[in-house]
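Colleague: Take this sequence and fold it.
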Amino acid sequence: MAKSFTLIQTVATAGLFSAVSFWCCLGLRINSYLVLLSLGEIMAGFCYQEN
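Modeller: Here you go, the predicted model:
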């Protein structure tokens, strides 16, 4: 006999998937921003280095 999901189980599963996806995307955006910020600081250090 095949197991079927109820409406509540389907909505809960979709909500869980949506929350995990949101946190992953948010983490990727924050990490990429921090990497770009760090690279900008490194590049600025090379450009304005005193001889």
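Colleague: What mean pLDDT does the helix or strand containing L26 get?
Modeller: Element membership of L26, judged by DSSP states H and E, is helix 7-47. Averaging pLDDT along helix 7-47 yields 87.
Colleague: Could you give the separation of that helix from the chain centroid?
Modeller: Counting by C-alpha atoms, centre = their mean, to the nearest Å, helix 7-47 is centred 2 Å from the centre of its parent chain.
Colleague: From G40, how far out is L28?
Modeller: Distance, L28 to G40, using C-beta to C-beta, to the nearest Å: 18 Å. From N, CA and C alone the C-beta is placed, and that goes for glycine too.
Colleague: actually A14, not the one I wrote
Modeller: Using C-beta to C-beta, which is the criterion applied here, A14 is 39 Å from G40.
Colleague: Return the backbone torsion pair for S4.
Modeller: phi -110, psi 150 (degrees, to the nearest 10).
Colleague: Need the pLDDT of it.
Modeller: For S4, pLDDT reads 78.
Colleague: What is the neighbour count of it?
Modeller: The criterion is other C-beta atoms under 10 Å. On that basis, S4 has 7 neighbouring residues.
Colleague: And for E41?
Modeller: Close neighbours of E41, defined as other C-beta under 10 Å, add up to 9.
Colleague: go on, L26?
Modeller: Neighbour count of L26, defined by other C-beta under 10 Å: 10.
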